[in-house]
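A.B. asks: Return atomic coordinates for the entry below.
(chains A and B)
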Protein chains: 2
Amino acid sequence: MTAFSFERVAIIGFGLIGSSLGRALRSHGLVREIVACDASEEARADIAELGLADRITADPADAVAGADLVIICTPVGSYSALGTAIAPHLAPGAIVTDVGSVKQSVIRDLGPTIPKHAHFVPGHPIAGTEKSGPRHGFGELFEGRWAVLTPLPDSDRAAIDKVAALWHAIGSEVVEMDAQHHDKVLAITSHLPHLIAYTIVGTAVDLEESLQSEVVKFSAGGFRDFTRIAASDPTFWRDVFLNNREAVLEMLQRLTEDLAALQRAIRRGEGDFLYERFARAREIRRGVIEAKQA
Amino acid sequence: MTAFSFERVAIIGFGLIGSSLGRALRSHGLVREIVACDASEEARADIAELGLADRITADPADAVAGADLVIICTPVGSYSALGTAIAPHLAPGAIVTDVGSVKQSVIRDLGPTIPKHAHFVPGHPIAGTEKSGPRHGFGELFEGRWAVLTPLPDSDRAAIDKVAALWHAIGSEVVEMDAQHHDKVLAITSHLPHLIAYTIVGTAVDLEESLQSEVVKFSAGGFRDFTRIAASDPTFWRDVFLNNREAVLEMLQRLTEDLAALQRAIRRGEGDFLYERFARAREIRRGVIEAKQA
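C.D. replies: Prediction:
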């Protein structure tokens, strides 16, 4: 008799998110065996040293063989090639899910590669830190956070429910939505904030050298929070922007217009306009705190 | 015999910063008597309830009478009127300092009001939180942070040294610089980050109502950090932008250009450019951590 939800889970891309997931699945006793797959030799050495997996491999095809659950945690730009590589090795009835921050491109790139005898359930946990690599993962990362599933009209209901149950079991709330809607919401709540953080830190990097050391020194005035966000993995984020282009550009256009309005108000000394805009923004913070996402 | 650095300190504006300063001065035994002055009835009630001051008043003129140190902690837009109000009541030899986030306008607005028999030492501790009011202050706020002093060429050296010693005593590092340079550095490390945070949160507020609740729900993807920054006091920040107009507009112009370059790269699918920009930004984070300002 076993209470395991899955016998063998293959986690492809065992970095911050993948290793956190591995830790969570193991500590909640949800899987019998964890196969960790990572292209980085350094990551594989860390996984071995920390004892985070039952088996470690660099080869995705090898990793998925015999797995009843495959979780893809690599940057979304890798999905097309990865799908092609693992497809012939997926076991009958295997569930393939992912944690990618964009969902339309994932459905476009990975969807067609998954064979009929397997089940594809696109997913995305809204959780993370600015750190990278298996050393920085932790099993509590998903507790109290949302896991979004964006199943297709023909997705297998039992497979969706099994993936949802897994997220529930490690402390997440689960919501299903349309992939297009997901990409739009995440463009404003996650992609745009990261783009802005990268930009402002980049702007500081380009300052005269004499100013640069002071920018770091006096970063406690607000800048340091942006440097934290901008410390996120560059490959991961490059892929997000390239794969959620339309939604990010639309939100960026709105932001640019709003920024121009504030710029104009500062130039013209319109204090009331500034105050009103700032006071409105403050309200949203209350909502975030009430929603326990602060 | 007494080890007090000052006999009576008047803190005008006893909010987050003012009350933190009061707490720190008292816990380090640096002042004999603290006079708290605040225009808000609610703040005065909180100060009384928490026992944060020896005397509480709503009248700045009353507060500064007999004080050998006056610390102005109100929004910088109030300085001109405040200077005029307190000037006739400043004791001979009294030191007037402040914590304002802009220094050129403070020197312009407050400087001329200070009588010859008192000493003016403009200052700015690079520390704070997004909270407001005396309830949210804490005495450790300034530990390990920088306090910037921007003395004038004719400022009294002994007075500057006494203010510097005070910041040292409560755990800050002290640096002196030119007011114009201060305003430029702070424009990028503090003012622009806040402006951007207010903008992006405002952009989200303007979204269709159906999207708004989801923006809050899924804020853990990065947006929540911006809501925290944008929860800062609107009056305080309105005054900063109106009083550091040139430097903020210059930095905003640079940011807008950099944002346009990233926008273009996303539109054209230039992954290498994005990667290179993001990787550079990551380096700065290391500097912030090494400088112990993370």
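A.B. asks: Which stretches in chain A count as helices?
C.D. replies: Counting by DSSP state H, chain A has helices at residues A:16-27, A:41-50, A:60-64, A:79-86, A:104-109, A:157-169, A:179-186, A:192-205, A:209-217, A:223-229, A:234-243, A:245-268, A:271-290.
A.B. asks: Take those and lay them out in CSV including mean neighbour count.
C.D. replies: For every residue, glycine as well, the C-beta is placed using N, CA and C. Formatted as CSV, the helices of chain A follow (neighbours: other CB atoms under 10 Å in any protein chain shown):
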stretch, mean neighbour count
helix A:16-27, 23
helix A:41-50, 16
helix A:60-64, 22
helix A:79-86, 20
helix A:104-109, 20
helix A:157-169, 17
helix A:179-186, 22
helix A:192-205, 26
helix A:209-217, 15
helix A:223-229, 24
helix A:234-243, 23
helix A:245-268, 18
helix A:271-290, 18
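A.B. asks: Least confident of those, on average?
C.D. replies: Here the lowest mean pLDDT among the helices of chain A goes to helix A:209-217, at a mean of 85.
A.B. asks: just how off-centre is that helix within its chain?
C.D. replies: Distance, stretch centre to chain centre, for helix A:209-217: 32 Å (CA atoms, centre = their mean, to the nearest Å).
A.B. asks: picking up where we left off before, can you add distance to A:S5 and give the helices of chain A back as a markdown table?
C.D. replies: Formatted as a markdown table, these follow (distance: least, CB to CB, whole Å):
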| stretch | distance to A:S5 |
| --- | --- |
| helix A:16-27 | 8 |
| helix A:41-50 | 22 |
| helix A:60-64 | 17 |
| helix A:79-86 | 21 |
| helix A:104-109 | 23 |
| helix A:157-169 | 6 |
| helix A:179-186 | 24 |
| helix A:192-205 | 32 |
| helix A:209-217 | 47 |
| helix A:223-229 | 34 |
| helix A:234-243 | 27 |
| helix A:245-268 | 33 |
| helix A:271-290 | 32 |
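A.B. asks: Just send those helices back as a markdown table, with distance to chain B too.
C.D. replies: Listed next are the helices of chain A as a markdown table, based on distance: least, CB to the nearest CB, whole Å:
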| stretch | distance to chain B |
| --- | --- |
| helix A:16-27 | 12 |
| helix A:41-50 | 17 |
| helix A:60-64 | 22 |
| helix A:79-86 | 14 |
| helix A:104-109 | 12 |
| helix A:157-169 | 14 |
| helix A:179-186 | 5 |
| helix A:192-205 | 4 |
| helix A:209-217 | 4 |
| helix A:223-229 | 4 |
| helix A:234-243 | 4 |
| helix A:245-268 | 5 |
| helix A:271-290 | 4 |
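A.B. asks: so which of the ones you listed comes closest to B:V175?
C.D. replies: Minimum separation from B:V175 across the helices of chain A (CB to CB) falls at helix A:209-217, 8.1 Å.
A.B. asks: what angle do that closest one and helix B:179-186 make?
C.D. replies: Angle, helix A:209-217 to helix B:179-186, by axes from the mean of the first three to the mean of the last three CA atoms, to 10 degrees: 60 degrees.
A.B. asks: and helix A:209-217, C-alpha only, in PDB?
C.D. replies: Coordinates of each C-alpha in helix A:209-217 appear next as PDB, following Å, rounded to 0.1, in the frame of the first residue of the first chain:
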ATOM      1  CA  GLU A 209      31.700  56.100 -13.100                       C
ATOM      2  CA  SER A 210      32.000  58.700 -10.300                       C
ATOM      3  CA  LEU A 211      28.300  58.300  -9.500                       C
ATOM      4  CA  GLN A 212      28.200  54.600  -9.700                       C
ATOM      5  CA  SER A 213      29.800  53.700  -6.400                       C
ATOM      6  CA  GLU A 214      27.500  56.200  -4.800                       C
ATOM      7  CA  VAL A 215      24.400  54.600  -6.400                       C
ATOM      8  CA  VAL A 216      25.300  51.400  -4.600                       C
ATOM      9  CA  LYS A 217      26.300  53.100  -1.400                       C
END
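A.B. asks: name the helices or strands packed onto that helix?
C.D. replies: Applying 3 or more CB pairs under 8 Å, 6 or more residues apart in numbering or on different chains; DSSP states H and E, one finds that helix A:209-217 contacts helix A:192-205, helix B:179-186, helix B:271-290.
A.B. asks: switch to 7 Å and redo it
C.D. replies: helix B:179-186, helix B:271-290 (3 or more CB pairs under 7 Å, 6 or more residues apart in numbering or on different chains; DSSP states H and E).
A.B. asks: Dump those to JSON lines, plus distance to chain A.
C.D. replies: Output for the helices and strands packed on helix A:209-217, formatted as JSON lines (distance: least, CB to the nearest CB, whole Å):
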{"stretch": "helix B:179-186", "distance to chain A": "5"}
{"stretch": "helix B:271-290", "distance to chain A": "4"}
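A.B. asks: mind checking which of those is nearest A:E176?
C.D. replies: Per CB to CB, nearest to A:E176 of those: helix B:271-290, 30.7 Å.
A.B. asks: In contact with whichever residue of the stretch 1-150 of chain A sits closest to chain B: list those residues for me.
C.D. replies: Nearest residue of the stretch 1-150 of chain A to chain B: A:I126, at 4.8 Å (CB to the nearest CB). Counting by CB atoms under 7 Å, 6 or more residues apart in numbering or on different chains, A:I126 makes contact with A:R145, A:W146, A:V148, B:F218, B:A220, B:G221.
A.B. asks: among these, which are in strands?
C.D. replies: Using DSSP state E, the subset of the contacts of A:I126 located in strands is A:W146, A:V148.
A.B. asks: Any stretches of the stretch 1-150 of chain A with poor pLDDT?
C.D. replies: Applying pLDDT under 70 to the stretch 1-150 of chain A flags residues A:1-3.
A.B. asks: Residues of it that sit close to chain B?
C.D. replies: A:I126, A:A127, A:R145, A:W146 (CB under 7 Å from any CB of the partner chain).
A.B. asks: follow-up on the earlier one: which of the helices of chain A sits closest to B:P115?
C.D. replies: Closest to B:P115 of the helices of chain A is helix A:271-290 (CB to CB; 29.4 Å).
A.B. asks: relative to helix B:192-205, how tilted is that closest one?
C.D. replies: Using the same axes, to 10 degrees: helix A:271-290 against helix B:192-205 is 70 degrees.
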